[in-house]
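K.L.:
Let me see the structure of the following:
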Amino acid sequence: MTLAVLGLAACAPVSATGPAASGTSAPTASPVSVDNCGVPVTVTTPPQRIVTIKSTSTEMLLALGLGDRVIGQAFPDGPVPAEWAAAAAKIPVISDFAPSSEAVLALTPDFVYGGWESNFAADAAGERATLTKLGIGSYVSPAACKEPDYMPAMLTFGTVFEEIGEAGRVFGAPDAAAALVSSQKTQLAAIAPDSRGLSALWYSSGTDTPYVGAGIGAPEMMLDQLGLTNIAANVADTWTSLSWEAIVDANPDVIVLVDASWNTAASKIAALKANPATAALDAVKNARYLTIPFAASEAGVRNVAATADLAQQLTKLAL
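P.N.:
Sure, this is the predicted structure:
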């Protein structure tokens, strides 16, 4: 989904003093206007004091070489890749979950970049209209838009690449974004889909009722690239609840386990083995598991590398 460039002008982020831009962080010369999840956003000067919420937004800016402009991060979903670890370590974590508006405003940001629309609730970082009145810009990952006119009908790697490009324009690093997209396209092209007609369950969380990757989000996008058929592909949502009975009936060849600190891949394996019904699944009996870090399971700059890693794991399974 390519977001339209608008002629409308929202209240532009205030110009604040911050780390001097250099290299890929060089400011762009002209204003950038986008329609972001139904909110018009105009940036006249690249933001210099940014608060990020969720790993996808933090890692986007790290990948674009803009870590020096991030003055606070919140809601980290896990460790960042080694290549960004040093830069990430310099950014204070202001909350392990969605931050309060007080915590955000205390940093005097000129911009807030959220991974989810819910990050901008009144009881979280603050509503976007309220932030605008304070001279603070805001931006949400387009892949996470939920409004009917903005929610991607089907997430694709092309959508992810467009988001990287748009983030590059909004935050003043278009050249870095173009280089990143080019590199990721090359890496993606090298991933050969499996041709054995295998099915897969994308198991994110939950024990009584599992929460799984459905048919239009990042899990489906990556499974499709891997050549795996998602057993929940018929659900038109990014994630969904699925009964254990339905999973047992589908008997997937492979189970993708989302590894999170609050719900590890190891704990999911233990639960699958402990349940007599799921213990009988072919994938469980033969330990046909693939694992992915939680932060890489949502749309963002880690999807291509994560898919390549899953492809390598898949070749090592006994099938």
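K.L.:
do you know how far residue 302 is from residue 274?
P.N.:
As defined by CB to CB, to the nearest Å, residue 302 lies at a distance of 31 Å from residue 274. Where you see a C-beta, it was placed from the backbone N, CA and C, and this is true even at glycine.
K.L.:
Pick out whichever of these two has more residues nearby.
P.N.:
residue 302 (25 against 10; other CB atoms under 10 Å).
K.L.:
which residue packs closest to that one, ignoring adjacent ones?
P.N.:
Closest residue to residue 302 apart from its sequence neighbours, by CB to CB, 6 or more residues apart in numbering: residue 296 at 4.0 Å.
K.L.:
Helices of the stretch 201-319 of the chain, start to end?
P.N.:
218-226, 244-250, 265-274, 276-279, 282-285, 303-315 (DSSP state H, counting those that start in this stretch).
K.L.:
Switch the ones you listed over to a markdown table; also include mean pLDDT.
P.N.:
Converted to a markdown table, these look like this (pLDDT from 0 to 100):
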| stretch | mean pLDDT |
| --- | --- |
| helix 218-226 | 98 |
| helix 244-250 | 97 |
| helix 265-274 | 97 |
| helix 276-279 | 96 |
| helix 282-285 | 98 |
| helix 303-315 | 98 |
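K.L.:
Can I get the ones you listed in a markdown table including distance to residue 140?
P.N.:
Shown next, in a markdown table, are these (distance: least, CB to CB, whole Å):
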| stretch | distance to residue 140 |
| --- | --- |
| helix 218-226 | 16 |
| helix 244-250 | 32 |
| helix 265-274 | 29 |
| helix 276-279 | 36 |
| helix 282-285 | 35 |
| helix 303-315 | 17 |
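K.L.:
Residue 91 is nearest to which of the ones you listed?
P.N.:
Proximity to residue 91 (CB to CB) singles out helix 303-315 among the helices of the stretch 201-319 of the chain, at 20.9 Å.
K.L.:
Packing partners of the closest one?
P.N.:
When contacts are defined as 3 or more CB pairs under 8 Å, 6 or more residues apart in numbering; DSSP states H and E, helix 303-315 sits against helix 157-170, helix 174-189, helix 218-226, strand 289-293.
K.L.:
any idea which of those is most buried?
P.N.:
Greatest average neighbour count among those goes to helix 218-226 (a mean of 25), per mean count of other CB atoms under 10 Å.
K.L.:
What are the contacting residues of that one?
P.N.:
Outside helix 218-226, the residues that touch it by CB atoms under 8 Å, 6 or more residues apart in numbering are 143, 154-157, 160, 188, 191, 193-194, 200, 202, 204, 212-214, 229-230, 233, 238-239, 256, 297-299, 303, 306-307, 310-311, 314.
K.L.:
go on, stretch 114-130?
P.N.:
For stretch 114-130, the surrounding residues in contact (CB under 8 Å, 6+ apart) are 37, 39, 51-57, 74-75, 98-101, 104-105, 112, 131, 138-141, 144-146, 298, 300.
K.L.:
Recalculate using a threshold of 7 Å.
P.N.:
Defining contact as CB atoms under 7 Å, 6 or more residues apart in numbering, one finds that stretch 114-130 is touched by 37, 39, 53-54, 56-57, 98-99, 101, 104, 112, 138, 140-141, 144-146, 298.
K.L.:
Hmm, residue 260 is touching residue 295, no?
P.N.:
No - applying CB atoms under 7 Å as the test, residue 260 and residue 295 come out as separate, 8.6 Å apart.
K.L.:
burial of residue 61, as a residue count?
P.N.:
Counted by other CB under 10 Å, the residues lying close to residue 61 total 26.
K.L.:
Any figure for the gap between it and residue 111?
P.N.:
Per CB to CB, residue 61 is found 10 Å from residue 111.
K.L.:
so what's in contact with those two at the same time?
P.N.:
In contact with both residue 61 and residue 111: residue 50, using CB under 7 Å, 6+ apart.
K.L.:
what comes into contact with stretch 86-104?
P.N.:
51, 53, 58, 62, 67, 70, 72-76, 80, 112, 119, 124-126.
K.L.:
Could you tell me which of these are located in strands?
P.N.:
Those of those mapping onto strands are 51, 53, 70, 72, 73, 74, 112, per DSSP state E.
K.L.:
possible to save the residues you listed as TSV with pLDDT, neighbour count and distance to residue 287?
P.N.:
As requested, these are exported to TSV (pLDDT from 0 to 100; neighbours: other CB atoms under 10 Å; distance: CB to CB, whole Å):
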residue	pLDDT	neighbour count	distance to residue 287
51	98	30	42
53	98	29	36
70	98	26	40
72	98	22	41
73	98	27	36
74	98	27	36
112	98	31	43
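K.L.:
Would you convert the residues you listed into TSV that also reports distance to residue 183?
P.N.:
TSV is the format used below for the ones in strands among the contacts of stretch 86-104 (distance: CB to CB, whole Å):
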residue	distance to residue 183
51	27
53	26
70	22
72	28
73	24
74	28
112	28
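K.L.:
Break the chain into its domains for me.
P.N.:
The chain breaks down into these domains under automatic domain parsing: 23-187, 199-315.
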